[in-house]
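**Student:** sequence and predicted structure below; questions after.
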Amino acid sequence: MEVRNKTYTLVKCKLLLDARGVKENVNVVVEDGVIKDIGNSREGDEVDCSNLVVTPGFVNSHTHTAMIALRGYYDDAELQEWLQRMWDFEKRMSSRLMRLGSEIAILEMLSSGTTAFVDMYFNPEDIKELAEKYKVRGFAGYTFLDSMLDPEEVARRQEGLRDSKHFKAIVNVHSVYSVEEDTVKLAKELAESEGTWIHIHVSETRKEIYDVKRRTGRFPVEYLRDLGLTSLVNAVHLGWVASWEIEELKKARATTHCPTSNMKLATAGAFPFFEMMEGGINVTLGTDGASSNNSLDILAEMKNAVLLQRHNYWDTRIKAIHAFKAATVNGYKLLGIKGGLLEKGYAADMVLFDASLLYPLTRDRLLSNIVYYAGQDAVVATIADGVIYSRSELVQRRRKLGEELNRELEKL
């Protein structure tokens, strides 16, 4: 699938699927990282797409990329105990180990069709360099976590972080229970002065809402509201929110559902997907990190989102299309990027699936097969900002870096 020019055409694509529906036997012209045309025209190099299904690239709206190094470490514990073990380990992590983890994570995400992601960790400069290296869209910042770093030092480092073509600096706050109120206020000031937004875990567990209520007299979303943060936040998890808090979250930039992580860490509660969606809230999907999922496969996350919602609601009101939208067009809306649809003028972030592995293949079953059935093995290639990566190439790079990761971990 090698192309030599900035302009190329995916020729005779068997099927195209986005949140609006399906198209059949069409060409997709790509120029300088943007979809130039969809129809019958051809320009530049030609890529045979006759046995491929094309979808928009997916957005992983919440992850911790460097935690690849913690995959399988202290599994099968509940959140608070697990978190303490993670933090103890992270204090000993080298910068090299974080860099390796983040690069492997990006390769894993590309392997399953993720073309943009939101990261919360301590190495955003690595994310910036890697985003440019792989042309994937990375959003990250230094993380406010009072037990790890002095808030003023986090702010100082954050102020030195600059955007680039594929990287956007955001403000990360671990949670309201892990930082003091002055830290939350500092994060707000920083986000406003830098013209960006805040990425934060909110109302993940019952313990969190009781602890925050005891300390502040308010539930977490109420606390954020009273500090003037609601419109700035991408609020992640939200398994324990009240109906009046959902009303407040209508002002938020987005909310993010991480179903696999929530189930694995036994956080319980229920992310109110339907009520948020009906209320006009921008609902997105995230895998969380490799230590709490333990996969970064957004395809699996779409399926798990629907299944967990149906388990919680006792009905089928949440459907495949809702998870698909959350992972595509809604994710790009969170990022402020014109993407997530297969349309002229939109970002050339796409996933190419082997049509022969999506059987039985009919127009009316395609969405279902992508959300409920397709695995990474069906992904032939991922296109990030117009750059085509074959899955075999990505896997080869992962193997090499995985060996380096193992050697680095042995040093600990």
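**Tutor:** Right, received. Where do you want to start? Please read these numbers as outputs of a predicted model, since none were measured by experiment.
**Student:** my read is that Glu192 contacts Gly228, right?
**Tutor:** No - Glu192 lies out of contact with Gly228 (Cβ atoms under 8 Å); the separation is 9.3 Å. In this view, the C-beta of every residue, glycine as well, is placed from N, C-alpha and C.
**Student:** could you point out where this protein is predicted with low confidence?
**Tutor:** Residues of the chain that meet the criterion pLDDT under 70 lie in 1-2, 4.
**Student:** domain map for it?
**Tutor:** 7-56+340-390, 58-335 (automatic domain parsing).
**Student:** out of the ones you listed, which is closest to Asn406?
**Tutor:** domain 58-335 (9.8 Å; Cβ to Cβ).
**Student:** quick one: the closest one to chain centroid distance?
**Tutor:** 8 Å (Cα atoms, centre = their mean, to the nearest Å).
**Student:** straight-line length of it, end to end?
**Tutor:** One end of domain 58-335 to the other measures 12 Å (Cα to Cα, to the nearest Å).
**Student:** and stretch 161-173, by the same measure?
**Tutor:** Start-to-end, stretch 161-173 (Cα to Cα) is 16 Å.
**Student:** mind listing residues that contact that stretch?
**Tutor:** Contacts with stretch 161-173, where a contact means Cβ atoms under 8 Å, 6 or more residues apart in numbering, come from 118, 120-121, 124-125, 127-128, 131-132, 135-144, 158, 179, 183-184, 187, 190-191, 194, 196-200, 335, 385.
**Student:** same question, stretch 209-216
**Tutor:** 176-177, 181, 203, 218-220, 223, 240.
**Student:** which of those lies closest to Trp87?
**Tutor:** Taking Cβ to Cβ as the measure, Tyr177 is the one of the contacts of stretch 209-216 closest to Trp87, at 13.2 Å.
**Student:** doesn't that closest one lie inside a helix?
**Tutor:** No - remark: Tyr177 does not belong to a helix; assigned using DSSP: H, G, I helix; E, B strand; the rest coil, it is coil.
**Student:** is it true that it touches Glu208?
**Tutor:** Yes - here Tyr177 reaches Glu208: they are 5.4 Å apart, a contact under Cβ under 8 Å.
**Student:** shared neighbours, these two?
**Tutor:** Counting by Cβ under 8 Å, 6+ apart, the shared contacts of Tyr177 and Glu208 are Pro220.
**Student:** neighbour count winner among those two?
**Tutor:** Glu208 (25 against 19; other Cβ atoms under 10 Å).
**Student:** what are the buried residues along whichever helix or strand that one is part of?
**Tutor:** Assigned by DSSP states H and E, Glu208 belongs to helix 206-216. Buried positions in helix 206-216, judged by neighbour count with 16 or more other Cβ atoms under 10 Å: 208-209, 212, 216.
**Student:** next, format the residues you listed as CSV and append distance to Val236.
**Tutor:** CSV is the format used below for those (distance: Cβ to Cβ, whole Å):
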residue, distance to Val236
Glu208, 12
Ile209, 15
Val212, 15
Thr216, 19
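**Student:** buried residues in stretch 184-191?
**Tutor:** With the criterion 16+ other Cβ under 10 Å, stretch 184-191 contains buried residues 184, 186-188, 190-191.
**Student:** now it - C-alpha only, PDB.
**Tutor:** Output of stretch 184-191 as PDB, limited to C-alpha atoms (Å, rounded to 0.1, in the frame of the first residue of the first chain):
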ATOM      1  CA  VAL A 184      -8.000  22.600  41.000                       C
ATOM      2  CA  LYS A 185      -8.100  26.400  40.900                       C
ATOM      3  CA  LEU A 186      -4.500  26.500  39.500                       C
ATOM      4  CA  ALA A 187      -5.500  24.000  36.800                       C
ATOM      5  CA  LYS A 188      -8.500  26.200  35.900                       C
ATOM      6  CA  GLU A 189      -6.400  29.300  35.600                       C
ATOM      7  CA  LEU A 190      -3.900  27.500  33.500                       C
ATOM      8  CA  ALA A 191      -6.500  26.000  31.100                       C
END
